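[1] Following is a predicted model, sequence given first.
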Amino acid sequence: MNWEVISPDLTSSAQHPAEAKKPGPGGHAPDPDEEEFNDPDGKDGGDKDAAQFPGSGAIHSIAPSPVEAGMIWVGTSNGLVQLSRGGSWQDVTPPGLPKGSDIRVVEASPHDANGAYVVVLVRRDPHPYLFRTRDAGKTWTKIVAGLPDDSPAEGLREDIKRKGLLFAGTETAVWVSFDDGDHWQSLQLNLPTTDVTDFAVHGNDLVAATFGRGLWIVDDISPLRELSTKDFASPVHFFKPQTAMRVRWDNNNETPLVPEFPASENPPDGASGCARCKRKSRSPLFEQGRACEVARWQRAGLLVCAGGSAGHHCWIASFCLGCAH
């Protein structure tokens, strides 16, 4: 196997010269009194940020398109987004990024070759910066409505099955969007307050990587994929359960794992279901006292349930059919 160069230096661009970038409309400028700008040689650069000098950047994210062969998105530490399509590279950086911008994540949409998302971390700037394109980087839209203004964004992924279902991580929490980033709502639930840096969608499960708090998983996000505005109008909605497998357990005891081995409990046996009731129910099927967004981040494999809207009480149940205990 041999390595082959397929690009020029992607950390420099004629469209974005080496001088420090100025914040664009709606951007947040870092406090100049708290910033220290120096050039790579250690000399006082005045209003220049060392991260903007040619050759000082690095590639932080590479995202080949799952839809179109040969289409590659690249994000760099000095705030550039580059796109290779048809064998040529083009600078498609969102306009007006603040100086000190770092493209932490580029997410190529698994549904649309022209769709992509970028997560931008700005040095010493606590605001979240998430952007979306639907035209291969010709135009970008900032998508932060609903996110706290004092928590930088760290990661973003799109669901592999439902287009526009996004998961975002910030310095303190997890967020979900059902409308391609136009609006965000919390998916924190029992996840500890921590820096959430990345996600992976594995089949019907959502995995989150954190800084210092380990890996967390939600078993079966099928209800999130199915959830729509029409579900809020119906008094009760039963979500389609995932395919269950009936097995006969071995009667012999298995060798237990050593305590030091990182492991979690398996999901419950049998077929699991999820339902949403618009109004409070006295039925033992529904779990009382829990409102709107109900889910569980846990290693115990509890089912995700979500629903509700402003001004309505939402009651959600997780139940198990034919479980062997």
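    That came in fine, so what should we check first?
[2] count of residues packed around the closest residue to residue 193 other than its chain neighbours?
    Excluding its sequence neighbours, the residue lying closest to residue 193 (C-beta to C-beta, 6 or more residues apart in numbering) is residue 172, at 5.3 Å. All C-beta spots, glycine's among them, are computed from the backbone N, C-alpha and C. By the other C-beta atoms under 10 Å criterion, the neighbourhood of residue 172 contains 16 residues.
[3] just residue 215 next, same as before
    Here the neighbour count serves as a burial measure; for residue 215 (other C-beta under 10 Å) it reads 13.
[4] Verify the stated contact: residue 169 with residue 151.
    No. With contacts counted by C-beta atoms under 8 Å, residue 169 stays clear of residue 151, the gap being 9.9 Å.
[5] Neighbour count for those two, which is higher?
    residue 169 (28 against 17).
[6] For the helix or strand harbouring that one, enumerate the helices and strands it packs against.
    Under the assignment given by DSSP states H and E, the secondary-structure element containing residue 169 is strand 166-170. In terms of contact count using 3 or more C-beta pairs under 8 Å, 6 or more residues apart in numbering; DSSP states H and E, strand 166-170 is assigned the packing partners strand 153-158, strand 174-177, strand 196-202, strand 205-210.
[7] Buried residues in the third one, which are they?
    Just to be clear, that refers to strand 196-202. Of the residues in strand 196-202, those buried by neighbour count under the rule 16 or more other C-beta atoms under 10 Å are 196, 197, 198, 199, 201.
[8] which among these gets closest to residue 121?
    Each of these was scored against residue 121 by C-beta to C-beta, and residue 197 proved nearest at 10.5 Å.
[9] surely that closest one meets residue 212?
    No. Counting by C-beta under 8 Å, residue 197 sits too far from residue 212 to count as a contact (10.1 Å).
[10] re earlier: sec struct for the residue nearest to residue 193, please.
    coil (DSSP: H, G, I helix; E, B strand; the rest coil).
[11] what's the pLDDT at residue 37?
    Reading off the confidence values, residue 37 has pLDDT 42.
[12] next one: residue 109
    Each residue has a pLDDT score; the one for residue 109 is 98.
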